[in-house]
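**Q** Could you work out the structure for the sequence below:
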Amino acid sequence: MEKNKQIFSIHEKLNINLKKHRFMPIAISINALSGVMICHMFFGRPCIGLLCTLASKYTCNYMHNYFIDKRKRQMNKIVRDFLFNISAYLEIGHCLGDCAILTLDKMNSIYGNDNEFCRALASFKNNMQISGIGEEEAFAILVDQIEHEDLKGFYQIFSICRKSGGNLIEACNNAARIIGEKLTMEQDISAILAQRKMEGRIMSIMPFALVGLISFTAPEYLEPMYTSIGGIVVMALALTMTLMGIYMMERIVRIEV
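**A** I've put the predicted structure just below:
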């Protein structure tokens, strides 16, 4: 069981593939480019923007968390589809082990053979058909490989019903349906939040786009803002308030589903 987990564990693969230091060169490039552009537009001194590279660590953390959240959303969708298929096969009389094996072909056709979940599901099939492991132990290995909270909850319901002698098929069917509906609702909420985030980011870009347009089409209009102390103070205040607005907007729409 430990050997299989070391080979297929999605959690471990996520940590290996998304090491923070891998994002550092990209974060430095993004900070340097955006800093030069912003300082050129607001202060007429692009070289000052290179100081933004000092904040590359925060950009790196943001990118790291973004990709982890993206992978989690993808895994939620895969687990939801898996449980819906399990529920459908349970209704026509298959046992849980056969349901998972029958679901493998559908999951491969949707997500591909190289998908981590499909590989773990193929390992589940091999454990039952080749190694002769029972369906409860094989499902426990699958849960350890996937490391998904809702899939663990489904396995706990399956294990309890099997030990207590309850109606296993009905309980697993209801659990698969309820967890699948929960994941669907979470996906719908995430889609609404993604729309609000996109609207907020478009609004955040507008001040920079406006200043950039003016500096490109009528640079003499902003010349007093670059050469006088009062102009520099005004532009610094405008930039600070804009960045604070962006930060507050991101905090408002950052809701854990």
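
**Q** which stretches of the stretch 151-257 of the chain form helices?
**A** With DSSP state H, counting those that start in this stretch, the ranges of helices along the stretch 151-257 of the chain come out as 168-217, 219-227, 229-253.

**Q** Show me what the first one is packed up against.
**A** Packing partners of helix 168-217 (3 or more CB pairs under 8 Å, 6 or more residues apart in numbering; DSSP states H and E): helix 24-43, helix 56-91, helix 149-164, helix 219-227, helix 229-253. Quick note: C-beta positions are derived from backbone N, CA and C, even for glycine.

**Q** which residues sit in contact with residue 175?
**A** 153-154, 157-158 (CB atoms under 8 Å, 6 or more residues apart in numbering).

**Q** ranking those by neighbours, who comes first?
**A** residue 154 (24 neighbours; other CB atoms under 10 Å).

**Q** could the contacts of residue 175 be laid out in JSON lines, adding distance to residue 228?
**A** Shown next, in JSON lines, are these (distance: CB to CB, whole Å):
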{"residue": "153", "distance to residue 228": "64"}
{"residue": "154", "distance to residue 228": "67"}
{"residue": "157", "distance to residue 228": "70"}
{"residue": "158", "distance to residue 228": "73"}
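
**Q** wait, what's in contact with residue 152?
**A** Counted by CB under 8 Å, 6+ apart, residue 152 has contacts residue 143.

**Q** re earlier: ok, which of the helices of the stretch 151-257 of the chain comes nearest residue 103?
**A** With CB to CB, the closest approach to residue 103 among the helices of the stretch 151-257 of the chain belongs to helix 168-217: 10.8 Å.

**Q** can you give me the angle that closest one makes with helix 229-253?
**A** Orientation note: helix 168-217 sits at an angle of 170 degrees relative to helix 229-253 (axes from the mean of the first three to the mean of the last three CA atoms, to 10 degrees).

**Q** Kind regards, and thank you for your time.
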